[in-house]
Structures are given as C-alpha cells and as structure tokens.
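Asker: this is a predicted model, with the sequence first.
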Amino acid sequence: MVRWDDNMQFESSSSNQEDSLNPEHKCRQTEVRVEEAMSKSPAERVHNAAGEVEGVFVHSVDLTEQVEGRRSEESETSLKAIFNQASFGIAETDLTGRIVLANRRYCELVGRSLDELTPMRTADVTHPDDRERDQELYNRAAVSLDEAFVIEKRLLRPNGETVWVHKSLSVVRDEQGQPKYFLCVVQDITARKQAEEALRESEQQLKTLADSIPQLVWMAEPSGFVFWFNRRWYEYTGTSFDEVQGWGWQAVHDPEVLPRVLDLWRKSLHAGSPNEMEFPLRGADGAFRRFLTRVIPLRDGHGNVTRWFGTSTDIEDQKRAEEAVRQKQNLESTAVLAGGVAHDFNNLLTGVLGNASLALEGLSSSDPNAEYLREIVQATERAAHLTRQMLAYAGKGSFILKRLDLSTHVREIGTLIHAAIPRQVAVEMALTPDLPVIEADPGQLQEIVMNLVINAAEAIGEGRSGKVRVATRCQNILQATEARFIPECPAPGAYVVLAVEDDGVGMTEDVRSKIFDPFFSTKFAGRGLGLSAVLGIVRRLRGAVTVESESGRGSRIQAYFAAVPREEQTGQINELGLTESGGVVLVVDDEEMVRGVAKHALEHHGYSVLVANDGREGVEVFRENASRINVVLLDLVMPVMGGEETLQALRSLHPNVPVILSSGYDETRATSGFQSSQLSAFLQKPYTASQLVSVVARVLRKPGRIDS
Ligand SMILES: Nc1ncnc2c1ncn2[C@@H]1O[C@H](COP(=O)(O)OP(=O)(O)OP(=O)(O)O)[C@@H](O)[C@H]1O
Ligand SMILES: [Mg+2]
C-alpha cells in the first residue's frame, strides 16, 4: 500500500466522486520514470465507525512493462494500418529483388494479389523497356549508404495495361551496416505522364505543322531571344541554329533595312504589342526576297508575355507581279501620251526641218544666213532624235526589221561603245558565236546597246575605274510565268539575250522601280529617256527586259529578243535610191506646214505638186487629175477620211497608182492596216526635203510596189 504523497497525485477523470473511484487512474510516478503508467487499482473505501467514508485504500501495481508492450503492439498495428492504407505503393524486396511484402496500393498498381506477387521479382511487374533502368537502380541503391534512388518507369499489369510510377528505392541495413532488404515506394504518375505526353504530342503536331507550311516560322522568349525556327527557315536561309539563334538572325537581313526592323521589333517587345512589316531576307543563294512578317505575343493568365510567335511569308513574286502590272499600266498610259506628243511634234519638226533644208538649198554656201539655217537643221535633227526615243518608248518608233546576229552586231558597234565610255572603265565583251538569228532594226539595236552601256559607265562614276561587261547568249524560256521580266514574261521559246553588267553604284529599290518611266533620271543632265526607249523597242519586238541591281553592288540589265525560227522567212524593205526629176505628185496631208514643205521641196526638184488637206479632198483631186498624177504622198492619220480609207478609194479609181505612205508613227505600225502590195514606199516623219525627193524619185523610177 502506498501512502498519498507529493509523488503521487490522484487524478479523477470526472468530478463525480463515484467515477473518481474508478479502478483505472492515471498516475505520474517520476521515480520509476514511467511518465504515464496505468494503474489497475481496485479502490476500496475506508469507513469510520460512524460508517462515513474516511479514506480510500489504494494499491498500485507497476505496469510499465505491460504498457510498453502494449505500446509496441499498437505502434505495429498503426504501422500496419499506415502501410496498408497508404496512397502510395510500398514493397519490400530481398536483396535479389524478390518481393517479400507489398501493401494494398502496390498490389492495386500492379494488378495482382499479394499471394501472386510474393514469389515475383519487381522486374516481373516492370514494363520490359524499363527493366534495364530499373535494375540499374537496384545496383546503385545496393552500394549506397542512405541515399534513396528515384526513377520514373512503367509497371506492367497482367492485362497488358501500364501504369507510370515515380519509384523511390532505398536499402535497409542491419546494425553491422550490411544490406538487409530493399524498400521501394511507388507513386502513380500516369495522369501527369499522360498530360505531359499530350503536351509533347501537341507541341510535336505544332512543330510538324510549322515545318510543313511554306512560311518561315520562329518563336522567341519574352526578351526577344529567338529560340526556335522551323525547317523552312533553315532551308531558305541556309543557316544553322547556332548562327541565328537569339539575335543572330540579323545576319540574313539587308543592312540598309535592318535598323528599321530592329526598331520595330524593340518597340513591340517593349509594348508587348503585335507588329507587321515587310523586309527582305537573304536566301541561301545570296539573293534577297521580300517577306511579310507578322509577330504576335502569347500571354499567360496574368497578361504577361510568355512567348513571341513570328511568321514570314515570301511575297517577292506577288510584289513583282504587282509591280509588273503597275509598270505595265504606267507604260501603257505614258506610251499613249508620249506617242501622241511625239507624233504631233514630228509633224511640226517636218515643217521646221523641211523649210530649213529648202531655204538652205536656195542659198549659196557663202551666204551668212546659211550657217543659221544649218544650226536650225541640226537642232531639229536633235529634236527629231528625242521624238524618235519617245516614239520608241511608245512602241511606235520607226524601224525596219532585219535578220541579224546579235553578237556580230554588237562587235560591229564596238568602236562606238569604246568611244562612248571613259578610259578608266574597262569594257569586257563576252559574245557567244553562232547565236540564233533575231529580227530587229539595226539602228534600234544600237540604241539599246549604247543606252545600256552608257548607263553602265555612268553608274561607275566620273573619274572612277570600273568594269562594264557586254555579253550575249541564248536562253530558253520554258514557262511564261517568271515575274522578273518587264513588262511581262515573254512567250516560251528560244531567246537571244543581251546582258550589260557593271560594278557601279547600283540602284535602290525605289530607283529600280522607276527607271523605265520616261523622264525619270537621277542624273544632273539626264533626260530619262534611255531606258524608256530600250523598253519600248524590246516590247515592240515581243521581248522583255530584266534588271538586277543592289545599291552599291552594281547592276545587270538584260534584254531578251525572240530567236527567229529557222523555217520562217520575212522580206525587208529595200533602201531607197537616188533622186530623179519629173512627174506630178499629189500630196495629201492635213498639216498645212507639211503640205507646204513637201510642195516646195518637190517643186524645187522639178515635180508638179497637187495638194489636198484631207483624204476626201485627196480622192476628189485625184479623180479630177487621175490621168496626170504619177504618185500620191499620203498621210496616215487625217481627219474626215484617214489614210487607209483614202487608199481604198484611190485604188478603186486607179488600181496601180504608186502611193507613198507617210507618218509620224513607225512603218510597221503605220503600214499594219495595209496589204504590202498596196504601198510603194513608206516615208517616216519628220523628213528632210532630200529624203522626200529621194523616195518619190525611187518610186517613179520603179512604178508599182518597189519592194522585192
Ligand atoms: N547601270 C545602271 N546603274 C545604276 N543606275 C542606273 C543604271 N542604268 C540606269 N540607271 C538609273 O536609271 C535612270 C534612268 O536611266 P535612263 O537611261 O532612262 O535615263 P538617264 O541615263 O538618266 O538619262 P538619258 O535619257 O540621258 O539616258 C538613271 O538616271 C539611273 O538612275
Ligand atoms: Mg541613260
């Protein structure tokens, strides 16, 4: 029996006195150092003589050992409960990897009962593809002291299903440090793996899609650091990831345009706003093509930019097609204007030139006025050259088509070429022999060569040394779809090409787009008609021109002429002969000045002249004088009754009367409405008195059609 003292405190779980006498009490007994010992104490009341309760008789038994035993039993039970109710799988394996114990979750994960599992090895419930890695984990865990090793692998169920798990493996050792068994803890991560796989798949799909489109696609970090490009980017630029990643992409930009691109890109990065711009990118072949680039930011839930997406679409062909259409429309409208102006100018010049030459003929060479008249004639001839260029641009220039070999022709005008360019500029000729024959006017061909060569030399700059290369070659055009041709891609077939190349200043994009506009010039004294005339002539011959030029990198301009098919034959107009006097000439022209010049010139050379100021009057005059008229000089464009109609009327009156057609338009165009047998000759305006007389004389000497 123990007396109640400080070391023993009586604690009642209830205030109820009856309860406080409950046999189970909690005691604290510091001496036996059992913090909480259970005392089974059948308490007995001690009564006094009066029968009142005087005290309680308590006897305590030390139950520490029993309590500890019960504690360890409880802890084992709770461990077992934890083991079995854990949301992750736990398995114990022996050192050979054989499963000796597994919890319920583990059994669920592998889809097997504990009985089935215990003779198995973990390798048996692991996906075959993961077994090697799994085994490696055991090897590493076996030699580690206390580290746990982790792996993500697939468990294999008997029905073939797989479960992705995160496995943590550790070795349990005995007191001597010898490995006793392995403890492995697995957690189902299938859902996460599926999400990752779905993400990976969708990224893969996105990349496959990005790789399959013709656009260049790229992605950048919020800072602007580009970390991914699609396959087309590498194909087009011929670069590698290392070269262009981050900010390295600048290497494929045109240095002239790059500052604008960078400025826009930085503004977008700063503001987080999308942008769109057109700029050229250098391809693997070194040539630039224009691209339309769109950049958009991708934002997270908080509105922060997480990525930038960029696409660049090649718009070079589209741009060129647009330019070609614009240029063609421009060409057509300005050609009509230039043609009209030149035509009227030619009539005026015919008057000036004819009168001046007539006046000159009437003066002795010592007459002081002769010099003035000669100056007038010279100035008029220069003006006539200008109108010829304008007519050429309008596709209405005077020309006589001849079959010729381009290389031979260029060689023949070699002296002229050398004379036209400064000494510091070297001329290199690369003329291909035996080219197919082309059909062109030699004078116009010379105009083309000279214009191109002079432009090339001028591009090198005064006093500078440089090189101009004139080359000829043959080239087949297979499809009429190429956009680089101006005014448009010529019909498929064989073409003879004249290429003039220089290493001069080159052209900016802006200049390049205007060079064929009449009167466009970047030169102080340039008239801006050279290339306009080139284009007009080539266009007229159903050829085309191409221009390749970059600012500071020289230029190459090429003219394409259709090769004449071997089997095809064409006639050509003979040169006109010398003068011969006598006869009556009917001059039908609506321009009074032209009529006057023709009348004076012819009368001066012994002809009788009748005049009519339009077609109808011409027919009337002819009807009245048919028997005495030897030749008719007929203007093409007249009011009331034009040249064509007049000719028909004249022919109905006299089928064989020789008719000379005269026009400010070129012969081919002017005579296109006539049968070749109907005309005796063609006289281009403006003409000098002697040219007129020479044609009339030739026609009269050889009545009827003078062409062979
Ligand atoms: N080889 C070239 N290199 C650089 N620019 C050129 C070249 N050829 C032509 N150009 C540009 O095209 C413009 C027009 O050329 P075009 O021959 O029509 O006129 P121009 O040479 O200025 O005057 P002109 O009527 O006397 O020939 C030139 O002023 C020049 O700016
Ligand atoms: Mg020029």
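Answerer: Thanks, I have it. Ligands and ions are numbered 1, 2, ... in the order given.

Asker: could you identify the helix or strand that succeeds the longest helix along the chain?
Answerer: Secondary structure of the chain per DSSP state H: the longest helix is helix 316-361. Sequence order places helix 368-393 as the next helix or strand after helix 316-361, per DSSP states H and E.

Asker: what comes up buried for that next one?
Answerer: 373, 376-377, 380, 383-384, 387-393 (16 or more other Cβ atoms under 10 Å). Yep, even glycine has a C-beta here, placed from its N, CA and C like the rest.

Asker: possible to save the residues you listed as TSV with distance to Leu95 and pLDDT?
Answerer: Listed next are the buried residues of helix 368-393 as TSV, based on distance: Cβ to Cβ, whole Å; pLDDT from 0 to 100:
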residue	distance to Leu95	pLDDT
Leu373	126	88
Ile376	121	90
Val377	120	88
Thr380	117	89
Ala383	112	87
Ala384	112	85
Thr387	108	85
Arg388	106	80
Gln389	102	79
Met390	103	82
Leu391	105	81
Ala392	101	79
Tyr393	98	80
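
Asker: list the contacts for the closest residue to ligand 2 within the chain?
Answerer: Nearest to ligand 2 in the chain, going by Cβ to the ion, is Gly530, at a distance of 2.9 Å. By Cβ atoms under 8 Å, 6 or more residues apart in numbering, the residues touching Gly530 are 389, 451, 454-455.

Asker: what is the longest helix of the chain packed up against?
Answerer: With contacts defined as 3 or more Cβ pairs under 8 Å, 6 or more residues apart in numbering; DSSP states H and E, helix 316-361 has these neighbours: strand 288-299, helix 368-393, helix 530-540, helix 592-604, helix 689-701.

Asker: which stretches of the stretch 51-200 of the chain have low pLDDT?
Answerer: The stretch 51-200 of the chain contains residues with pLDDT under 70 at 51-71, 146.

Asker: give me phi/psi at the one residue in it that gets nearest to ligand 1?
Answerer: Here the residue of the stretch 51-200 of the chain nearest ligand 1 is Arg200; by Cβ to the nearest ligand atom that distance is 54.5 Å. Dihedral angles of Arg200 (phi, psi; degrees, to the nearest 10) stand at phi -60, psi -40.

Asker: quick one: buried ones out of the contacts of Gly530?
Answerer: Looks like those have 389, 451, 454-455 buried, using 16+ other Cβ under 10 Å.

Asker: please narrow those residues to those residing in helices.
Answerer: Among the buried ones among the contacts of Gly530, the ones falling in helices (DSSP H) are 389, 451, 454-455.

Asker: contact residues of this protein facing ligand 2?
Answerer: Contact residues (Cβ under 5 Å from the ion) of the chain with ligand 2: 455, 530.

Asker: residue ranges with poor pLDDT in the chain?
Answerer: The model of the chain has pLDDT under 70 over residues 1-71, 146, 397-399, 566-582, 667-670, 673, 675-677, 702-708.

Asker: residue closest to the middle of it?
Answerer: Asp314 (2.3 Å; Cα atoms, centre = their mean).

Asker: doesn't Pro214 make contact with that one?
Answerer: Yes. The criterion here is Cβ atoms under 8 Å, and Asp314 meets it with Pro214 at 7.1 Å.

Asker: so what's the nearest residue to Glu462 once chain neighbours are set aside up against?
Answerer: Excluding the flanking residues, the one nearest Glu462 by Cβ to Cβ, 6 or more residues apart in numbering is Pro422, at 7.3 Å. Shown in contact with Pro422 (Cβ under 8 Å, 6+ apart): 457, 462-463.

Asker: could you list every helix and strand in contact with the helix or strand containing Val185?
Answerer: In this structure, Val185 sits in strand 179-188 according to DSSP H and E. In this structure, strand 179-188 packs against strand 89-93, helix 104-110, helix 131-143, strand 162-173, with contacts taken as 3+ Cβ pairs under 8 Å, 6+ apart.

Asker: who does the helix or strand where Ile660 lies touch, helix- and strand-wise?
Answerer: Ile660 belongs to strand 659-663 when assigned by DSSP H and E. Counting contacts by 3+ Cβ pairs under 8 Å, 6+ apart, strand 659-663 packs against strand 631-635, helix 643-653, strand 681-684, helix 689-701.

Asker: in three-state terms, label Leu262 for me.
Answerer: Using DSSP: H, G, I helix; E, B strand; the rest coil, the structure places Leu262 in helix.

Asker: how many residues are close by the closest residue to it other than its chain neighbours?
Answerer: Leaving aside its chain neighbours, Leu262 sits nearest to Gln250 (7.4 Å; criterion: Cβ to Cβ, 6+ apart). Around Gln250 sit 13 other residues, with neighbours defined as other Cβ atoms under 10 Å.

Asker: cool, and Val425?
Answerer: When counting by other Cβ under 10 Å, one arrives at 23 neighbours for Val425.

Asker: mind checking the SS state of the nearest residue to Val163 once chain neighbours are set aside?
Answerer: Computed as Cβ to Cβ, 6+ apart, the closest residue to Val163 that is not its neighbour in sequence is Leu155, at 4.6 Å. Under three-state DSSP, the three-state class of Leu155 is strand.

Asker: Leu155 reaches Ala123, doesn't it?
Answerer: No. Judged on Cβ under 8 Å, Leu155 makes no contact with Ala123 at a distance of 11.1 Å.

Asker: who has more neighbours out of these two?
Answerer: Leu155 (24 against 16).

Asker: list the residues that contact the more buried one.
Answerer: 109-110, 125-127, 162-163, 165, 186.

Asker: just the buried ones among the residues you listed, please.
Answerer: Looks like the contacts of Leu155 have 109-110, 125-126, 162-163, 165, 186 buried, using 16+ other Cβ under 10 Å.

Asker: would JSON lines of those with distance to Ala612 be doable?
Answerer: Below are those laid out as JSON lines (distance: Cβ to Cβ, whole Å):
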{"residue": "Leu109", "distance to Ala612": "114"}
{"residue": "Val110", "distance to Ala612": "116"}
{"residue": "Val125", "distance to Ala612": "116"}
{"residue": "Thr126", "distance to Ala612": "113"}
{"residue": "Thr162", "distance to Ala612": "106"}
{"residue": "Val163", "distance to Ala612": "109"}
{"residue": "Val165", "distance to Ala612": "111"}
{"residue": "Val186", "distance to Ala612": "115"}
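
Asker: now, the most widely separated pair of those residues?
Answerer: Thr162 and Val186 (12.9 Å; Cβ to Cβ).

Asker: list the contacts for the closest residue to Glu316 other than its chain neighbours?
Answerer: Leaving aside its chain neighbours, Glu316 sits nearest to Arg289 (3.9 Å; criterion: Cβ to Cβ, 6+ apart). Arg289 makes contact with 280-281, 283, 314, 316, according to Cβ under 8 Å, 6+ apart.

Asker: near ligand 1, which residues of the chain are found?
Answerer: Proximity of the chain to ligand 1, by Cβ under 6 Å from any ligand atom, involves residues 451, 455-456, 459, 502, 504-507, 511, 515, 520-523, 526-532, 555.

Asker: still on that earlier bit, between the contacts of Gly530, which is nearest Val226?
Answerer: Nearest to Val226 out of the contacts of Gly530 is Asn455 (Cβ to Cβ; 41.7 Å).

Asker: which SSE is Phe227 in?
Answerer: Short version, using DSSP H and E: Phe227 is in strand 226-229.

Asker: let me know the next secondary structure element after that strand.
Answerer: Next in sequence after strand 226-229, counting helices and strands by DSSP H and E, comes helix 231-237.

Asker: contacting residues for the nearest residue to Thr126 once chain neighbours are set aside?
Answerer: Using Cβ to Cβ, 6+ apart and skipping residues adjacent in sequence, the residue nearest Thr126 is Asp134, 5.0 Å away. Asp134 is in contact with 122-123, 126, 151, 153, 167, counting by Cβ under 8 Å, 6+ apart.

Asker: ok, back up a step: outside of the strand holding Val185, which residues touch it?
Answerer: Contacts with strand 179-188, where a contact means Cβ under 8 Å, 6+ apart, come from 88-95, 97, 100, 106, 109, 122, 138, 141-142, 155, 163-174.
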